[in-house]
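> what's the 3D shape of this:
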Amino acid sequence: MNHKLSEIKQDIPRQVYEALEKSGINDLRPAQSKAIDAGLLEGKNLLVCTPTASGKTLIAEIAGTTCILEGKGKVIYITPLKALASEKYKEFKEKYKGMFNIALAIGDMDSPDYYLANYDMILCTSEKLDSLIRHNSPWIRQVRVVVADEIHLLNDVGRGPTLEILITMLRQMVKDIQIIGLSATIGNEKDLAGWLNANLVHDTWRPVKLRKGICFDGKLEFY
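Got it, this is the predicted structure:
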């Protein structure tokens, strides 16, 4: 059963509720409702496996913004690409303007970036976070929510090992950290959820139904 946004009004900060309401959200999508039921607002680790445009990012936003505005700690949002981090940064800056400080950390410079201690939400790539941890950036221990976007890239021979080590290290460094993995394509989702010690949120709903077909000689036939 899908939840109304109003049903979680008492469970999230007023500013977050008003920002979501202002953006036109009244009903939570299936995956979002399932995430709430799976312990999103109770600090549970979640692995969210749902189609593209099904509302995965909002799941991470609700957890992250609630964590920050309730004074629990910082949020790190990991993306595989600099362009994706920049996109999310611009989106969040506009949506949550004036509520908390958001930083974009995607530079190639290998440094501790001490200035990030002044920010509540840090958007970065796996490679940048690896650099920050290796430099023993003290603010890392203040992180309470970690979002791993496109977490299926754990299986990527290039980026996978770095992301796996980062998640492992963060779980060791920070007690009671909440990890939220987001992906549209995972073949072994139950195994990954087990490794993350996470509740699995699986759903097939998408805003636009996909149809398969063959286009030949100017004709399109669906099947």
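> Just give the closest residue to Lys4, not the sequence neighbours.
Asp27 (5.9 Å; CB to CB, 6 or more residues apart in numbering). (Glycine included, C-beta is placed from N, CA and C.)
> The one you found: how many residues sit nearby?
Asp27 sits with 12 neighbouring residues when counted by other CB atoms under 10 Å.
> With Leu28 instead?
With other CB under 10 Å as criterion, Leu28 counts 22.
> contacting residues for the residue nearest to Lys4?
For Asp27, the contact set (CB atoms under 8 Å, 6 or more residues apart in numbering) comprises Asn2, His3, Lys4, Leu5.
> in which helix or strand would I find the first one?
Using DSSP states H and E, Asn2 maps to neither a helix nor a strand.
> Surely it and Lys34 touch.
No: using CB atoms under 8 Å, Asn2 makes no contact with Lys34, being 9.1 Å away.
> In terms of neighbours, single out the busier of the two.
Neighbour totals were compared for Asn2 and Lys34, and Lys34 leads with 24 against 14 (other CB under 10 Å).
> Dihedrals phi and psi, the closest residue to that one other than its chain neighbours?
Leaving aside its sequence neighbours, Lys34 sits nearest to Val201 (CB to CB, 6+ apart; 4.8 Å). Dihedral pair for Val201: phi -110, psi 100, per degrees, to the nearest 10.
> what's the spacing between Val201 and Glu150?
Distance, Val201 to Glu150, by CB to CB, to the nearest Å: 16 Å.
> who has more neighbours, these two?
Each of Val201 and Glu150 has its neighbours counted (other CB under 10 Å); Val201 has more, 28 against 20.
> for the more buried one, what are its contacts?
Per CB under 8 Å, 6+ apart, neighbours of Val201: Ala31, Lys34, Ala35, Ala38, Leu46, Leu47, Val48, Cys49, Thr50, Ile59.
> Next, please give the residue ranges for the strands of the protein.
46-49, 74-79, 102-105, 121-125, 143-149, 178-183, 199-202, 213-216, 219-222 (DSSP state E).
> Partner strands of the first one and their direction?
Its sheet considered, strand 46-49 pairs with strand 178-183 (parallel), strand 199-202 (parallel) by DSSP bridges.
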